[in-house]
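Q: build me a structure from this.
(chains A and B)
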Amino acid sequence: MKNKYMETIHKEGKIWMLGALFLFLSLPIIISIVTGVWPPLNYFLVGFFATAAIFWPVTTIEVFTFSPMIGSASYLAFVTGNLSSMKVPAAINAQNALGIEKGSEDAEVISMIAVASSSITTTLIIIIGILLLDPLTPILESTALSPAFDNILPALFGALGVAFISKRWKLSIIPLVFMLIFFAFVPGSGGLVGIMVPVGVILTVSCAYIFHKKGWI
Amino acid sequence: MEIFEQWWIYLLIGVIFLYVLAQSIVALYKAVRQAKKLGYTPKQIKTVITSSSIFSIAPSVAILISLIILSKVFGPWIAGLRLGTLGAVTYELPAAINVIEGAFGADINGILSSEMIVTALWVMTLGCLPPLLIVPLFYKKISKKFDSIKEKNTDWKDILMDSLFLGMISAFIGYVVAPITNDAGETYVSILAIVVLLSAAILIVILGLLSNKKGFKWLKNYALPLSMVLAMALAILYFGWGLR
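A: You can find the predicted model right below:
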């Protein structure tokens, strides 16, 4: 049953993603064709290399970091984006709430439901936001609400961390201490969280392997 | 920005949004059908959908704040498309700055020419392509390799899956103590962020304990979004008390 479902997901996922790639690329191409405004090559290359030098490796590593966590929901999550702040936590939450074994076929299916629901919600909110941007701007930029929106990540990961840290507290110590020291003492570390996620994953998996071999966990 | 205020651009972006919604709806439909085959009840499935949707509201509203920033350069439609699909403001803004300030030597908050804005759009589009190529071309192979590792040792599989999530979580918990610089140029570690993180952790423990009581079972599925939103609300209160 799983294989048939998974085969369909792989086959259709590829088509949907390549279709999305075509549409995303078509936007600048059509704008340039219709308006006649093309990027001057020398300026384009300077901006492109400065951007791709950082973001191509980061986004490539993200695929290898997040895809084992959410499985085949990757076909949708990497189109709709916002993986670490929304799609992956939504999938984890759904798996934990139903007590599903992680990495199983059930986890794949439930993760897809969570990621798809999250994607639909975000897309609809953004469309509403675009249409109502003018009236919403003073509310969203109000100083009264800014402490709440500035602290979404601490609120999310404080809550999400409890289940995993309490379950694997021995394994949590080294990565947590390492990350706290890194972010507290490395200048400009606040801009490096995207890069530090795969570093955290590699460090934790390495610790887990050693701890498991030694029989500590 | 007038270059992007054309009806045909709105139409094009509308088509892309519809495509993304269609992909999400089809994926949801197929996964729900499969979940039923696996023995999940309609109530369980509905709870996953509701809980994931509620959880996504606060982070989605936060994206709208980024939308305000980015729409000053690209207009709301293109900014919304970029932020609602592949990108995030942490990627889109540096990419736009690399082009407008790095390549053209202009101020991103100043008057921008059509060439600058179009070049920035091209760079933003091409600068985050890898996942759209790697996932369709290689994900199946990656997942098979990962499955073979998991199948060799079931104990190790559980530990491996937990350690993947723990790695991500530890990075974001560490990020909370990263020094930040405010508009006045002062650099400090946000005690407010640390207290919000601890509050969220305490809240989810309380809600978890409550969900074991009769009549509160439903809380189990909503503990994460509730803890998150309550901790965000507490951030407003703590800020009012002078925490920064």
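
Q: quick one: the residue of chain A found nearest chain B and A:Leu25, what's the gap?
A: Residue of chain A nearest chain B, by C-beta to the nearest C-beta: A:Met179 (2.6 Å). No exception for glycine: its C-beta is placed from N, CA and C like everyone else's. According to C-beta to C-beta, to the nearest Å, A:Met179 and A:Leu25 sit 36 Å apart.

Q: who has more neighbours, those two?
A: Per other C-beta atoms under 10 Å in any protein chain shown, whichever of A:Met179 and A:Leu25 has more neighbours is A:Met179, with 29 against 15.

Q: what number of residues are in the vicinity of the nearest residue to that one once chain neighbours are set aside?
A: Leaving aside its sequence neighbours, A:Met179 sits nearest to B:Gly174 (C-beta to C-beta, 6 or more residues apart in numbering or on different chains; 2.6 Å). Counted with other C-beta under 10 Å, the neighbours of B:Gly174 add up to 24.

Q: give me the element B:Gly174 is part of.
A: Here B:Gly174 sits within helix B:154-175, counting by DSSP states H and E.

Q: what's the mean pLDDT across the helix or strand following that helix?
A: Sequence-wise, the next helix or strand downstream of helix B:154-175 (DSSP H and E) is strand B:180-181. Strand B:180-181 carries an average pLDDT of 88.

Q: which stretches in chain B count as strands?
A: B:180-181, B:187-188 (DSSP state E).

Q: please identify the most buried of the ones you listed.
A: A comparison of the strands of chain B by mean neighbour count, using mean count of other C-beta atoms under 10 Å in any protein chain shown, puts strand B:180-181 on top with a mean of 12.

Q: tell me the strands beside that one, with direction?
A: Strand B:180-181 pairs in its sheet with strand B:187-188 (antiparallel), by DSSP bridges.

Q: neighbouring contacts of the strand it pairs with?
A: B:179-182, B:244 (C-beta atoms under 8 Å, 6 or more residues apart in numbering or on different chains).

Q: check contacts around B:Ile194.
A: A:154, B:176-177 are the contacts of B:Ile194 under C-beta under 8 Å, 6+ apart.

Q: still on that earlier bit, quick check: angle from the helix or strand where the residue of chain A closest to chain B lies to helix B:154-175?
A: In the assignment (DSSP H and E), A:Met179 maps to helix A:169-185. On the basis of axes from the mean of the first three to the mean of the last three C-alpha atoms, to 10 degrees, helix A:169-185 is oriented at 30 degrees to helix B:154-175.

Q: dump helix A:169-185 to CSV, restricted to CA.
A: Only the C-alpha atoms of helix A:169-185 are listed here, as CSV (Å, rounded to 0.1, in the frame of the first residue of the first chain):
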residue,chain,number,x,y,z
TRP,A,169,18.1,14.8,27.5
LYS,A,170,21.5,13.0,27.5
LEU,A,171,21.8,13.6,23.8
SER,A,172,20.6,17.2,24.1
ILE,A,173,23.4,18.4,26.3
ILE,A,174,26.3,18.7,23.8
PRO,A,175,24.4,20.4,20.9
LEU,A,176,22.6,22.8,23.3
VAL,A,177,25.8,23.8,25.1
PHE,A,178,27.6,24.2,21.8
MET,A,179,24.9,26.3,20.2
LEU,A,180,24.4,28.5,23.3
ILE,A,181,28.2,29.2,23.4
PHE,A,182,28.4,29.8,19.6
PHE,A,183,25.5,32.2,19.4
ALA,A,184,26.4,34.1,22.7
PHE,A,185,30.0,34.7,21.8
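
Q: downstream of that helix, the next helix or strand is which one?
A: helix A:193-214.

Q: list the contacts of that next one.
A: A:58, A:61-62, A:64-65, A:84, A:170-171, A:174-175, A:178-179, A:182-183, A:189, A:217, B:90, B:155-156, B:159-160, B:162-164, B:166-172, B:174-175, B:178.

Q: next: stretch A:150-164.
A: A:85, A:89, A:92-93, A:96, A:172, B:58-59, B:62, B:162, B:165-166, B:169, B:172-173, B:175-176, B:192-194, B:196-201, B:203-205, B:208, B:223-224, B:227-229, B:231-232, B:235.

Q: and stretch B:181-189, how far apart are its ends?
A: End-to-end distance of stretch B:181-189 (C-alpha to C-alpha, to the nearest Å): 9 Å.

Q: so who does the residue most central in space within chain A touch?
A: In chain A, the centroid-proximal residue (C-alpha atoms, centre = their mean) is A:Leu83; its distance is 1.7 Å. Neighbour list for A:Leu83: A:62, A:66, A:70, A:77 [criterion: C-beta under 8 Å, 6+ apart].

Q: show me the strands in chain A, by range?
A: According to DSSP E, chain A contains no strands.

Q: tell me how far the residue lying farthest from the centre of it lies from B:Ser114.
A: The centre of chain A is farthest from one residue, A:Gly36, which by C-alpha atoms, centre = their mean lies 35.4 Å away. Look at A:Gly36 and B:Ser114: by C-beta to C-beta, they are 9 Å apart.

Q: just give me how far the longest helix seen in chain A sits from the chain centre.
A: When chain A is parsed with DSSP state H, its longest helix is helix A:2-35. Helix A:2-35 sits 19 Å away from the centroid of its parent chain (C-alpha atoms, centre = their mean, to the nearest Å).
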